[in-house]
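A.B. asks: Provided below for reference: sequence and predicted model.
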Amino acid sequence: MKQRITTGIIAGALFLGFCLLGGPWYHGLVLVMALIGYYEFVKMTGLPPFSGAALIGYAGVFALVFPWEMLWDHRPLTLFQVGWLVMLVLMAASVVTKNRISVNTVAMLFLGVVYVGVGFYYIAESRHLPNGLFWTFLLLGSIWSSDAGAYFVGKLIGKNKLWPSISPNKTVEGALGGIAIAIVTSLVFAWASDGLLTWERAIFIGLAAAVVGQMGDLIQSAYKRIYNIKDSGNLLPGHGGILDRCDSWIVVFPFVHILMLLPY
């Protein structure tokens, strides 16, 4: 527990420090996290993490997350265009190698590019919005408070298992507690925002951060259970890997952007 707390404090302070700096410092950190996350995803699925096919995936993640707008006025390719090109190259690799790179391998590598690349793209882009520091802290605060609320409420009064076949320690009571605390946290941000965030939108953002964030946690747990592993990596002692710590982030950040819950 002591190692877990120490690692959490150091990693959290480092990430928040880069977030406060913003610009290329923050975006560069997120890009590195994305590439490490994709490495963990590939390794977790049992595929060679530096095979030729995997390198195509790394290139896709890099193209999605790299801060092109800091070099040019706009991205050379949209997210959709990058995704389609990565899909084409991976499928072509299957043909060229006469199916030594199987369709199943192609599908898994492509899934990882979208899952990791798009998730970290929106984590980085949220900081670049007008009032981006506020929006980033709002989402992180809502996610973290949901996690903490689910844990402590579950420990205190949790009796009914939420999804025992995937995550045996999670409870329905904990999940509901996490949702309530995330909404309260988002409302606190609305109160402190001086009109930037309305109460109604704050409720939707808190609800989305909690529900979608908990689903992101369950998705990662399901993958790890399928491949019979405890953690996606060991970069963060006591916490696992990047995907273990960011499993909620990489689904919540895209979700709130796609549903246009952030007023920008």
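C.D. replies: That came in fine, so what should we check first?
A.B. asks: low-confidence ranges, the stretch 1-150 of the chain, go.
C.D. replies: Applying pLDDT under 70 to the stretch 1-150 of the chain picks out residues 1-5.
A.B. asks: tabulate the CA atom coordinates of whatever helix or strand residue 86 lives in in PDB.
C.D. replies: In this structure, residue 86 sits in helix 79-96 according to DSSP states H and E. Presented in PDB, the C-alpha positions along helix 79-96 are these (Å, rounded to 0.1, in the frame of the first residue of the first chain):
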ATOM      1  CA  LEU A  79      -8.900  11.100 -37.300                       C
ATOM      2  CA  PHE A  80     -11.100   9.200 -39.700                       C
ATOM      3  CA  GLN A  81      -8.600   9.400 -42.500                       C
ATOM      4  CA  VAL A  82      -5.700   8.200 -40.300                       C
ATOM      5  CA  GLY A  83      -7.800   5.300 -39.100                       C
ATOM      6  CA  TRP A  84      -8.800   4.300 -42.600                       C
ATOM      7  CA  LEU A  85      -5.200   4.400 -43.800                       C
ATOM      8  CA  VAL A  86      -4.000   2.400 -40.900                       C
ATOM      9  CA  MET A  87      -6.700  -0.200 -41.500                       C
ATOM     10  CA  LEU A  88      -5.700  -0.400 -45.200                       C
ATOM     11  CA  VAL A  89      -2.000  -0.800 -44.500                       C
ATOM     12  CA  LEU A  90      -2.600  -3.500 -41.900                       C
ATOM     13  CA  MET A  91      -4.900  -5.400 -44.200                       C
ATOM     14  CA  ALA A  92      -2.400  -5.100 -47.100                       C
ATOM     15  CA  ALA A  93       0.300  -6.500 -44.800                       C
ATOM     16  CA  SER A  94      -1.900  -9.500 -44.300                       C
ATOM     17  CA  VAL A  95      -2.100 -10.000 -48.100                       C
ATOM     18  CA  VAL A  96       1.600  -9.300 -48.700                       C
END
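A.B. asks: need the helices for the protein, in chain order.
C.D. replies: 2-21, 23-44, 52-65, 79-96, 103-112, 119-128, 132-157, 172-192, 199-226, 242-246, 249-258 (DSSP state H).
A.B. asks: could I get the ones you listed as TSV with distance to residue 235?
C.D. replies: Every C-beta, even on glycine, is put in place using the N, C-alpha and C of the backbone. TSV is the format used below for these (distance: least, CB to CB, whole Å):
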stretch	distance to residue 235
helix 2-21	9
helix 23-44	7
helix 52-65	16
helix 79-96	25
helix 103-112	17
helix 119-128	15
helix 132-157	19
helix 172-192	25
helix 199-226	15
helix 242-246	6
helix 249-258	15
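A.B. asks: compile these into JSON lines and extend it with columns for mean neighbour count.
C.D. replies: Formatted as JSON lines, the helices of the chain follow (neighbours: other CB atoms under 10 Å):
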{"stretch": "helix 2-21", "mean neighbour count": "13"}
{"stretch": "helix 23-44", "mean neighbour count": "20"}
{"stretch": "helix 52-65", "mean neighbour count": "21"}
{"stretch": "helix 79-96", "mean neighbour count": "15"}
{"stretch": "helix 103-112", "mean neighbour count": "18"}
{"stretch": "helix 119-128", "mean neighbour count": "23"}
{"stretch": "helix 132-157", "mean neighbour count": "20"}
{"stretch": "helix 172-192", "mean neighbour count": "20"}
{"stretch": "helix 199-226", "mean neighbour count": "20"}
{"stretch": "helix 242-246", "mean neighbour count": "25"}
{"stretch": "helix 249-258", "mean neighbour count": "23"}
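A.B. asks: per-domain residue ranges of this protein.
C.D. replies: 1-128, 130-264 (automatic domain parsing).
A.B. asks: for this structure, identify the residue most remote from the centre.
C.D. replies: Distance from the centre of the chain peaks at residue 98, with 34.4 Å (CA atoms, centre = their mean).
A.B. asks: kindly provide the distance from that residue to residue 52.
C.D. replies: Using CB to CB, to the nearest Å, residue 98 is found at 14 Å from residue 52.
A.B. asks: then residue 120?
C.D. replies: Applying CB to CB, the value for residue 120 to residue 52 is 23 Å.
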